[in-house]
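**Q** sharing a model that was predicted from the sequence below.
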Protein chains: 2
Amino acid sequence: MKKFYVAKSRRLRSTPYTSRIEKQGVSSYTIYNHMLLPAGFNDPLEESYKHLKSHVQVWDVAAERQVEISGKDSAQLVQLMTCRDLSISKDGRCYYCPIIDNQGGLINDPIILRLSSEKWWLSIADSDVILFAKGLATGYNFDVQIVEPKVDIMAIQGPKSFALMEKIFGKKITELNFFSFDYFKFKGTKHLIARSGWSKQGGYEVYVENTASGLELYDYLFEMGKEFNVKPGCPNLIERIESALLSFGNDFDNNDNPFECGFDKFVNLDSKVNFLGKEKLKRIKSEGIKKKLMGIQFEANEISLSSSLNIKDEKNKIIGELRSACYSPHFEKVIGIAMMKSSSWNVSQSVKIEINNNTFNGKVCDLPFI
Amino acid sequence: MKKFYVAKSRRLRSTPYTSRIEKQGVSSYTIYNHMLLPAGFNDPLEESYKHLKSHVQVWDVAAERQVEISGKDSAQLVQLMTCRDLSISKDGRCYYCPIIDNQGGLINDPIILRLSSEKWWLSIADSDVILFAKGLATGYNFDVQIVEPKVDIMAIQGPKSFALMEKIFGKKITELNFFSFDYFKFKGTKHLIARSGWSKQGGYEVYVENTASGLELYDYLFEMGKEFNVKPGCPNLIERIESALLSFGNDFDNNDNPFECGFDKFVNLDSKVNFLGKEKLKRIKSEGIKKKLMGIQFEANEISLSSSLNIKDEKNKIIGELRSACYSPHFEKVIGIAMMKSSSWNVSQSVKIEINNNTFNGKVCDLPFI
């Protein structure tokens, strides 16, 4: 597939780590929240995938921007934006929260960090949630402050991330529960560190507010990580599809609702809390959904998807659309995430996909793949 | 400067014209409203600039997405979002409108098309204005519908655009006033066409709703345009900087207010209309601004800007930041758009800029350059 260059400009914001990863061999970028997000290094994607599953990587994921909502009415506004019940949330915890509009359509799926009952960070996927929050806050006349703070996340991911982070921050960091965060000192500077990250291989995310210290930590991770075979990396397409870590804009968008994306456990319709689209989602639930995200596997050696691809049944009827896909070294075939019509939710149902005038046969399966 | 590839995915949406421009030699993309926007073709930027100023080009600018706001309260919502008085607006006209938040900070600078008093299109720059509109509509409980319609703009730009469009649509299209729009038939299909576009070389934008007809028109423009030396193209960095067509995200962002960007004539503080940030802007105006966009010229043969660059005075004090820049064949030096502190608004003031450890001398000037 032909490749195209990124035309850089101030509008596609660099991160504090950009000059470092460009020295370390980044080869491609995607744009995420108007910012450069590395998408590949000189190593082939498959090499990086194997490395991520065996060792430890440091990722520039500053493009996971924060929307900071603080003030007297902040809890009310944050709750209004998500169908997940946050009335029982706790300081120091991360919550995966679908954000929906008043029609029940998805707007984003951030991790929400509760810094306190009056200060929240929404660690967002790729859409301007800050504008939604500002619009709501103005319309409802909420007493809140909404800003994008200067926070540039670096992620430490992979099975050896625990040993590397322990070497730098001490035993205490290994005791952090999944989706908890706390403050840890690096050479005198406190950093908010969460046990989280956009892979299923384990690890941490450092929410860097002090850039100078963050850059020093970045370099130190590579110095201390030599014995763990540390490498630079980025969210890995193969690993994230195998693990079915869904991507807003790729696997789902504003035309999809949380039930269609399998987010049922994050939709608390029976709670007492007030959120946008609640009545709409109740109706959708009682009427039942007509499409949902499923896995697809098919016999092919490669794929490079840049838009949706129709999925057809034996009679050439369109039964769904493939939205993300990759060649999986684990399954030795192409796997992908598809929005499938309700007539075709049967696992093992045969499907056909046409790529460059070649037809490939495959089948429907459950998510996640692994 | 090292180049990097775009990692394509469904999230970076293709346009109906993408397969065509990729055959026609597009070489680089930027991402704009989560969509591919061509940024360069195989011809060097300077060649394309000269061509645009002499002939006619067809541009895939589908990334200029529309936010459609319709319904009983649509005029009220649209007015709330912009500091420009739309109470005297007319159907069939385009209005350049800064959109601001309640702090007076810029959110976008769309062209607003009044289709009727109850149906508006905001033809937006690169930020999710739809989320701001949805938030406001929900909070104020407005009776409106807000959608992103399937509209994919192609632009016909350059001095010969008038002759080419007349050849296809007849004499009537040459009588369209600047920033007016009307409907014109192409082989039986009506298209909304505006006399507008993101260059100062004259031309039209076709708001394609019927994709099949739009693609036929795209091909037909190249067929009929041979005698006018038609070529594919895209918004040209050199031409737009020389003309000081400002770019949201590049030249200004949410940290800037309309007065700092020279948008004074679009800020109607004395009008009776109600818009967000009105009181805040009154205060800013009476207190006076402390920074504003100015032109910079300096003696260099090339520049490739990917983030802001500090501008210093003779004493090495930072007096501004360069936000966009290019080598101008017209001036035979580098020109750029900079946010300058109030101490340095004197035209001809000397400035210094450091690029790759080389110091260049330049001076401040007024905008636009040409």
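**A** Cool, got the structure.
**Q** quick one: name the residues of the stretch 101-250 of chain A near chain B.
**A** Residues of the stretch 101-250 of chain A that fall close to chain B, judged by Cβ under 8 Å from any Cβ of the partner chain: A:101-102, A:107, A:126-129, A:131-141, A:247-250. (Glycine included, C-beta is placed from N, CA and C.)
**Q** check whether the helix or strand containing A:Ile337 contacts chain B.
**A** Secondary-structure element containing A:Ile337, defined by DSSP states H and E: strand A:333-341. No - shown here: strand A:333-341 not in contact with chain B (Cβ under 8 Å from any Cβ), separated by at least 10.1 Å.
**Q** chain neighbours aside, what residue packs nearest to the residue of the stretch 251-370 of chain A found nearest chain B?
**A** At 3.8 Å from chain B, A:Ser306 is the closest residue in the stretch 251-370 of chain A, using Cβ to the nearest Cβ. Leaving aside its chain neighbours, A:Ser306 sits nearest to B:Lys8 (3.8 Å; criterion: Cβ to Cβ, 6 or more residues apart in numbering or on different chains).
**Q** just A:Lys190 next, same as before
**A** A:Tyr183 (4.6 Å).
**Q** by contact count, what packs against the host helix or strand of that neighbour?
**A** Assigned by DSSP H and E, A:Tyr183 belongs to strand A:181-186. For strand A:181-186, the elements it packs on are helix A:161-169, strand A:189-194, helix A:211-224, judged by 3 or more Cβ pairs under 8 Å, 6 or more residues apart in numbering or on different chains; DSSP states H and E.
**Q** tilt between the last one and helix A:161-169?
**A** Calculated by axes from the mean of the first three to the mean of the last three Cα atoms, to 10 degrees, helix A:211-224 forms an angle of 120 degrees with helix A:161-169.
**Q** now helix A:211-224: mean pLDDT?
**A** Helix A:211-224 shows a mean pLDDT of 98.
**Q** what's that helix packed up against?
**A** helix A:18-23, strand A:57-60, strand A:152-157, helix A:161-169, strand A:181-186, strand A:189-194, strand A:203-208.
**Q** just the residues contacting that helix, thanks.
**A** A:16-17, A:20, A:58, A:150, A:152, A:154, A:156, A:164, A:167-168, A:186-187, A:189, A:191, A:206, A:208, A:230, A:232 (Cβ atoms under 8 Å, 6 or more residues apart in numbering or on different chains).
**Q** how about low-confidence regions in the stretch 101-250 of chain A?
**A** Scanning the stretch 101-250 of chain A for pLDDT under 70 picks out no residues.
**Q** excluding its backbone neighbours, what's nearest A:Gly158?
**A** Leaving out its chain neighbours, the residue that sits closest to A:Gly158 by Cβ to Cβ, 6+ apart is A:Val56, at 4.1 Å.
**Q** enumerate every residue touching that neighbour.
**A** The neighbours of A:Val56, taking Cβ under 8 Å, 6+ apart as the test, are A:156-161, A:163-164, A:203, A:225, A:228-231.
**Q** rerun that using 6 Å as the cut-off
**A** Residues near A:Val56 by Cβ atoms under 6 Å, 6 or more residues apart in numbering or on different chains: A:Gly158, A:Lys160, A:Ser161, A:Leu164, A:Phe228, A:Val230.
**Q** could you export these as CSV, including neighbour count and distance to B:Leu269?
**A** Below are those laid out as CSV (neighbours: other Cβ atoms under 10 Å in any protein chain shown; distance: Cβ to Cβ, whole Å):
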residue, neighbour count, distance to B:Leu269
A:Gly158, 28, 56
A:Lys160, 21, 60
A:Ser161, 26, 54
A:Leu164, 24, 57
A:Phe228, 18, 60
A:Val230, 22, 56
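**Q** show me which of those is closest to chain B.
**A** Set against chain B, the nearest of those by Cβ to the nearest Cβ is A:Gly158 (20.7 Å).
**Q** who's in contact with the closest one?
**A** By Cβ under 6 Å, 6+ apart, A:Gly158 lies in contact with A:Leu52, A:His55, A:Val56, A:Gln57, A:Gln201.
**Q** which parts of chain A are helices?
**A** Taking DSSP state H as the criterion, chain A contains helices spanning A:18-23, A:45-54, A:74-81, A:129-140, A:161-169, A:211-224, A:237-242, A:278-287.
**Q** in CSV: those helices, plus distance to B:Asn254.
**A** Shown next, in CSV, are those (distance: least, Cβ to Cβ, whole Å):
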stretch, distance to B:Asn254
helix A:18-23, 21
helix A:45-54, 35
helix A:74-81, 18
helix A:129-140, 8
helix A:161-169, 35
helix A:211-224, 20
helix A:237-242, 30
helix A:278-287, 30
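**Q** for A:Ile112, find the nearest of those.
**A** A:Ile112 sits nearest to helix A:74-81 of all these, at 6.6 Å, using Cβ to Cβ.
**Q** just the angle between the closest one and helix A:129-140, please?
**A** Put simply, helix A:74-81 runs at 110 degrees to helix A:129-140, going by the same axes, to 10 degrees.
**Q** list the contacts of helix A:74-81.
**A** A:Ile69, A:Leu86, A:Ile99, A:Ser117, A:Glu118, A:Trp120, A:Ala137, A:Phe142, A:Val144, A:Val273, A:Phe275, A:Leu276.
**Q** do the same with stretch A:297-315
**A** Residues contacting stretch A:297-315 (Cβ under 6 Å, 6+ apart): A:1, A:318-323, A:325, A:327, A:333-335, A:338, A:351-353, A:360, A:362-363, A:365, B:8, B:10, B:14.
**Q** let me see the contact set for whichever residue of chain A sits closest to chain B.
**A** Proximity of chain A to chain B (Cβ to the nearest Cβ) peaks at A:Gly139, 1.5 Å away. A:Gly139 makes contacts with B:Leu136, B:Gly139, B:Tyr140, as judged by Cβ under 6 Å, 6+ apart.
**Q** and stretch A:314-333, how far out from the chain's middle?
**A** Relative to the chain's own centre, stretch A:314-333 is displaced by 21 Å; criterion: Cα atoms, centre = their mean, to the nearest Å.
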